[in-house]
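>>> turn this into a model:
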Amino acid sequence: MSIDKLTSTIGKRGGLAKTNRFQVIFTPPQGSLLSATGLIGALTSGGGLKSMINDPRDISMLCENVTLPGRQITTVDYIAEKQSVKIPYAFINEDVTCSFLLTNDYYMKTLFDAWLEQVFDTESYRAKFKKDFTTDVVIQQLNEKNIPVYGVRLENAFPTTVAGITLDNNSESAVQKINVTFSYDNYVPEGPLSSTMSALRSAIPSGLI
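Here you go, the predicted structure:
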């Protein structure tokens, strides 16, 4: 294979996909247009009305990294004639992990704390109905013009692990982050148009549609 042929192949397919061109879009089940943490942030930092509104784009901007889910086909060995062969019978979807930057109003931490309370009530020690704590999460690969070229929709997703946060006197200039793991029913690969429509639906609080 020559360099010219490789360059031609890459060029006719729009170039190489970049790891830093992505966005994650969702609105938590308890999401609303007004944000309590935004109100606190507005009072402490002098911010205006914009800081009091939950904007799904804020979540996408604060997402430092995310994994597109993989899928494993599970098989069983079956002996046929002289050798065993693998017969598929099910599949397993990988959980999705995300890392979010933490702002001084602890927006993402507060968001996921409230979401976890929607999943499991720690006071009554009871799990809630799944339909009340799940939402679709859309992950998109973007091109150089920030246009979606590929998307994955996580159906009925919810956080199963919100990792601890380390506070450290020896890390004066370090930025705080929070790592979250999502589980979901299934993931659906989508094209540019269908992924854009899914992103719009995921960005609107469920009470408004």
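>>> just confirm residue 108 is within a strand.
No - assignment of residue 108 by DSSP: H, G, I helix; E, B strand; the rest coil gives helix, placing it outside any strand.
>>> strands along this protein, start to end?
22-25, 63-66, 71-80, 83-93, 96-101, 120-121, 126-127, 135-142, 148-162, 177-183, 186-190 (DSSP state E).
>>> dump the ones you listed into TSV; add mean pLDDT and distance to residue 113 as well.
(C-beta placed from N, C-alpha, C; glycine too.) As requested, the strands of the chain are exported to TSV (pLDDT from 0 to 100; distance: least, CB to CB, whole Å):
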stretch	mean pLDDT	distance to residue 113
strand 22-25	95	19
strand 63-66	96	17
strand 71-80	91	30
strand 83-93	92	26
strand 96-101	97	13
strand 120-121	90	12
strand 126-127	90	17
strand 135-142	96	16
strand 148-162	96	8
strand 177-183	97	10
strand 186-190	95	25
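>>> residue 203: which of these is closest?
strand 22-25 (5.4 Å; CB to CB).
>>> now do the closest one: everything it contacts.
56, 59-60, 63, 66, 98, 137-142, 199, 202-203 (CB atoms under 8 Å, 6 or more residues apart in numbering).
>>> before we move on, the earlier item: between the strands of the chain, which one is nearest to residue 12?
Nearest of these to residue 12, taken as CB to CB: strand 148-162 at 14.2 Å.
>>> let me see the contact set for the closest residue in space to residue 120 that isn't next to it in sequence.
The shortest distance from residue 120 to any residue other than its chain neighbours is 5.2 Å, reached at residue 127 (CB to CB, 6 or more residues apart in numbering). Residue 127 makes contact with 119-121, according to CB under 8 Å, 6+ apart.
>>> so who does residue 82 touch?
Contacts of residue 82 (CB under 8 Å, 6+ apart): none.
>>> how close does it get to residue 134?
48 Å (CB to CB, to the nearest Å).
>>> over to residue 60?
Separation of residue 60 from residue 134 (CB to CB): 19 Å.
>>> please apply the same query to residue 81.
Going from residue 81 to residue 134 by CB to CB gives 46 Å.
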